[in-house]
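Novice: Make a model of this:
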Amino acid sequence: QVQLVESGGGLVQAGGSLRLSCAASGSTTSINAIGWYRQAPGKQREQREFVARINSSGATNYGDSVKGRFTISRDNAKNTVYLQMNTLKPEDTAVYYCAARTNAVNLGPLSEINYWGQGTQVTVSS
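Specialist: Numbers count the residues shown, from 1 in each chain. So this is what the prediction gives:
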């Protein structure tokens, strides 16, 4: 089993920055891909949007809406993944969830994700 705990969310003005953290514990060596999804206000769980992922080889991938603004990274010694979010926009407002998958190098689809964190709220004011 793997536990994921997010932190770093908050309220920020448009154009600002935040860094989210996801601390993994448990059977972390089983993780092949880890990253972030977000669920915007009024959206259902099934509509969570892919944000970014990093896999066991260090390869990264980003959703189209965040490319060039967000950066995912990891600290293997701390079993922690980070999401640096710059030039934030009001449409980035969402609950951000850390997600991990054990049997593939990509996170999606949603139904294949093995572990979820509880989420952290990010609110961007205009």
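
Novice: Please enumerate the strands of this protein.
Specialist: 2-7, 10-13, 18-26, 33-39, 49-55, 60-62, 70-75, 80-85, 94-101, 115-116, 120-125 (DSSP state E).

Novice: Okay, now stretch 42-55: how far is its last residue from its first?
Specialist: From its first residue to its last, stretch 42-55 covers 30 Å (CA to CA, to the nearest Å).

Novice: Can you list the buried residues in that stretch?
Specialist: Neighbour-count burial for stretch 42-55, counted by 16 or more other CB atoms under 10 Å, picks out 48, 50-55. Heads up, the C-betas are built off the backbone N, CA and C, glycines and all.

Novice: Show me which of the residues you listed is closest to D64.
Specialist: Nearest to D64 out of the buried residues of stretch 42-55 is F50 (CB to CB; 9.3 Å).

Novice: Now do the same contact list for Q118.
Specialist: Counting by CB atoms under 8 Å, 6 or more residues apart in numbering, Q118 makes contact with 5-6, 97.

Novice: Correction: the previous question concerned E91.
Specialist: So E91 contacts 40, 65, 124 (CB under 8 Å, 6+ apart).

Novice: List buried members of those by neighbour count.
Specialist: For the contacts of E91, buried by 16+ other CB under 10 Å: V124.

Novice: ok, of the contacts of E91, which one's closest to L110?
Specialist: A40 (14.6 Å).

Novice: Next up, phi/psi of the closest one, please.
Specialist: In terms of degrees, to the nearest 10, the main-chain angles of A40 are phi -80, psi 160.

Novice: For G68, see how far away it is.
Specialist: For A40, the distance to G68 (CB to CB, to the nearest Å) stands at 20 Å.

Novice: do T87 as well
Specialist: With CB to CB as the criterion, T87 and G68 are 8 Å apart.

Novice: who touches the residue nearest to E6 when sequence neighbours are not counted in this structure?
Specialist: Excluding its sequence neighbours, the residue lying closest to E6 (CB to CB, 6 or more residues apart in numbering) is T120, at 4.1 Å. For T120, the contact set (CB under 8 Å, 6+ apart) comprises 6-9, 20, 95-96.

Novice: If you rank these by neighbours, which is first?
Specialist: Neighbour counts for those (other CB atoms under 10 Å) peak at Y96, which has 24 neighbours.
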